[in-house]
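1. How does the following fold in three dimensions:
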Amino acid sequence: MHKVWTYADLKHTPDDGKRYEIFDGELVVTPAPRPPHQFAVWELTWRFYHRLKTVAVPVMSPVDVILTSRRVLIPDVVVVRHERRAIISNRGIEGPPDLVVEVLSPRGATRDRVRKARLYAQSEIPEYWIADPVAKTIEVYALGDRGYCLDGEYGLGQRLNSVTFGFRLDVSSIFTWP
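-> Below you'll find the predicted structure:
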């Protein structure tokens with residue numbers, strides 16, 4: 001029988017630059033992100049801040065999103081409406097945010113597209129974006145009755161629309177890494 005991990009167990013993980021997440025009791029460890037990934041995270045966070053600062057708070061990774069004691073994830077960017085900002089604590093984001101973004105890394109695409117998408121949907125996060133720095137695309141998903149539904153896939157030169165917040169964003173502004 002394998003160990004069932006909880007949020008309390010995370011305090012025993014090393015401070016080694018890796019990401020330690022808990023997927024329904026299973027510890028998942030991923031390496032630190034690479035520069036193209038981090039540039040996209042920074043650009044998204046900066047744009048969210050400037051577009052949404054009157055209505056929401058964007059938080060850049062790493063930050064624990066504590067959905068349950070056995071479901072602790074680290075999205076790349078999290079956005080929480082001001083009226084729900086009480087879920088932001090010293091420990092992390094304690095509850096489902098209004099929007100999460102994952103920026104794909106070479107070894108994490110399946111994890112982000114399948115496992116994390118399922119966990120975010122089960123946790124009733126209304127909007128989920130997947131940003132791909134290689135393809136230079138952003139997929140916008142809206143929560144439906146049976147999980148996430150693709151609202152649109154946007155590439156360079158296109159403007160996407162946030163389902164939850166209703167703002168438009170030029171995809172070309174996100175992928176600034178040469």
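
2. I'd like the next helix or strand past the lowest-mean-pLDDT helix or strand in the chain.
-> Of the helices and strands making up the chain, the lowest-confidence element is helix 109-110, at a mean of 87, by mean pLDDT, DSSP states H and E. Using DSSP states H and E, the helix or strand that directly follows helix 109-110 along the chain is helix 117-122.

3. And that following helix, what's buried?
-> Neighbour-count burial for helix 117-122, counted by 16 or more other C-beta atoms under 10 Å, picks out 117, 119, 120, 121. (Each C-beta comes from the backbone N, C-alpha and C, glycine too.)

4. Report the backbone C-alpha coordinates of the helix or strand hosting residue 22 in PDB.
-> For residue 22, the host element (DSSP H and E) is strand 19-23. What follows is strand 19-23, C-alpha atoms only, in PDB (Å, rounded to 0.1, in the frame of the first residue of the first chain):
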ATOM      1  CA  ARG A  19       7.400  21.500  -7.500                       C
ATOM      2  CA  TYR A  20       5.600  19.200  -5.100                       C
ATOM      3  CA  GLU A  21       1.900  18.700  -5.800                       C
ATOM      4  CA  ILE A  22      -0.700  16.300  -4.400                       C
ATOM      5  CA  PHE A  23      -3.100  14.800  -6.900                       C
END
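
5. Just the residues contacting it, thanks.
-> Residues from elsewhere that reach strand 19-23 (C-beta atoms under 8 Å, 6 or more residues apart in numbering): 5-7, 9-10, 13, 27-32, 61-62, 70-74, 115-116, 119.

6. switch to 7 Å and redo it
-> With contact meaning C-beta atoms under 7 Å, 6 or more residues apart in numbering, strand 19-23 is reached by 5, 7, 10, 13, 27-30, 62, 70-74, 115, 119.

7. What of stretch 32-47?
-> Contact with stretch 32-47 is made by 17-18, 58, 60-61, 76-77, 101, 103, 105, 131, 133, 169, 173-177, as judged by C-beta under 7 Å, 6+ apart.

8. Quick one: buried ones out of those?
-> Buried, going by 16+ other C-beta under 10 Å: 58, 60-61, 76-77, 101, 103, 105, 131, 133, 169, 174-175, out of those.
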